[in-house]
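Novice: Provided below are the primary sequence and the corresponding predicted coordinates.
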Amino acid sequence: MSYARFNKNEIQTINIPSWFATDFMYKVHGTYTQVYISVLMSYQQGTGVDLEDIANNAGILYSDIKKILEYWNEQKVIKYQTFADGTCEIEFALLEPFQSSIPVIVEKPVVKTVHLQTRPQYSFEEIREYLKNDSVQDLFTMAEDKMGNLLSPTDRKIILGLFDWLKMPIDLIEYLLHYCCTLQNIRKVSSIEKIAINWIEKYEIHTLEDAKAKVLADKVDFQILKRAGISASNGITESQKEFLDKWRYTYKLPLEIILQACDRTSTQISNPNINYLDTILTNWYKQNVNTIEAIQESDNNYQQSKEQNKSKTQFIRPTKNSGKIKSSTQPFHSMSTHNWDFNALKELEMQYHDRLRAGGDNV
């Protein structure tokens, strides 16, 4: 049921508040103003209105009507409340926009998952209805310009899903297409959709400002890896991102300190890797090293400690006989050689045998 009823009717003539005309009417798409005036007319006439009729007259979907009313509710132009039976109640601000009686601090919602787990399979009729919305038609034209080719039916469903399913503002989608097609040379629409989901689910990107901040952070990450001589030609991996986030957001190390560690990584080892870089930065973090001067001081302390350890363990060459245990036997190479006189030996042998033959000395 799409019927709306009104809870107040204070005036009998149809008029548009001057503050609405000056402060709101020219800041929104014309469809928003058309819906506002259509519902305001029924409100001032004291009659209910079927919102689906307004959707048909405006050439948009009923879901778009609800989004527009929610927008005007956020702007304090109306008070919009929905009920379980599908009806809604609307009250218009007349003299000035509604003011909150108690100041409310609005915090950015923490979005962990997309509201719908899978993208709707838009029918041809649904897409045709959406195309009646100038914003959607402009979105398709912009996507074709960025990608340099016409959108296929599947491509149109994906691009429409960015707007309708993921609830991305038009300016955010435009920047997403610029980022993918121009900066990353990614023109496959399914890949663009994956990046969009990642932006929303992981990085909680919901505005153009969020996206620009994310892209700037990515540029710094690539700068760090490139400076260290670590390849990221296929994009930054999850593991690399964890290290980068640890250094920048957990350790809160200044960029100049991280780049100093990158320089050492690229010059001190033949195959630079992120674990080596992490070792340097973790040591500096533990030592509270966060300036160039502190790095120099840390180097000096390390060198002094190294010299002290070296002097303590220095080897002292012993004297010739100090510390040696005399052996009862000499090594083979130190034994004196024999200088035999073989002619004398032969003469002695002959004399020995002569005595034996003469019956002399016994053997």
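Specialist: Nice, thanks for sending it over. Here the structure is a predicted model, which means the values were calculated and not measured. Numbering: from 1, shown residues only.
Novice: Show the contacting residues for residue 157.
Specialist: Residue 157 is in contact with 119, 121-122, 127, counting by Cβ atoms under 8 Å, 6 or more residues apart in numbering. Every residue, glycine included, has its C-beta placed from N, CA and C.
Novice: Try it again at 7 Å.
Specialist: Residues near residue 157 by Cβ atoms under 7 Å, 6 or more residues apart in numbering: residue 122.
Novice: Quick check: it vs residue 196, distance?
Specialist: 14 Å (Cβ to Cβ, to the nearest Å).
Novice: what do you get for residue 342?
Specialist: The spacing between residue 342 and residue 196, counted by Cβ to Cβ, is 105 Å.
Novice: Quick check on the two: which one has the bigger neighbour count.
Specialist: Each of residue 342 and residue 196 has its neighbours counted (other Cβ atoms under 10 Å); residue 196 has more, 25 against 7.
Novice: Phi, psi for that one please.
Specialist: Dihedral pair for residue 196: phi -60, psi -40, per degrees, to the nearest 10.
Novice: try residue 90
Specialist: When read as degrees, to the nearest 10, the backbone of residue 90 gives phi -130, psi 130.
Novice: bridging residues for it?
Specialist: residue 6, residue 80 (DSSP bridges).
Novice: what about it, neighbour count?
Specialist: For residue 90, the tally of surrounding residues (other Cβ under 10 Å) stands at 23.
Novice: Could you list the low-pLDDT ranges of this structure?
Specialist: 1-13, 100-117, 312-340, 353-354, 356-363 (pLDDT under 70).
Novice: Centroid-nearest residue for it?
Specialist: residue 241 (6.1 Å; Cα atoms, centre = their mean).
Novice: Tell me how far the closest residue to that one other than its chain neighbours lies from residue 87.
Specialist: Of all residues beyond its chain neighbours, the one nearest residue 241 is residue 221 (7.3 Å), with distances taken as Cβ to Cβ, 6 or more residues apart in numbering. Distance of residue 221 to residue 87, given as Cβ to Cβ: 50 Å.
Novice: ok, those two, which is more surrounded?
Specialist: For residue 221 versus residue 87, neighbours defined as other Cβ under 10 Å are more numerous around residue 221 (19 against 15).
Novice: measure the more buried one to residue 215 for me?
Specialist: For residue 221, the distance to residue 215 equals 11 Å [Cβ to Cβ].
Novice: Pull out the CA atoms of the host helix or strand of the residue nearest to the centre of the chain and give them to me as CSV.
Specialist: Following DSSP states H and E, one finds residue 241 within helix 238-245. What follows is helix 238-245, C-alpha atoms only, in CSV (Å, rounded to 0.1, in the frame of the first residue of the first chain):
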residue,chain,number,x,y,z
GLU,A,238,46.4,-7.8,1.6
SER,A,239,49.6,-8.7,3.4
GLN,A,240,51.4,-5.6,2.2
LYS,A,241,48.4,-3.5,3.2
GLU,A,242,48.4,-4.8,6.7
PHE,A,243,52.1,-3.8,7.1
LEU,A,244,51.4,-0.4,5.6
ASP,A,245,48.5,0.3,7.9
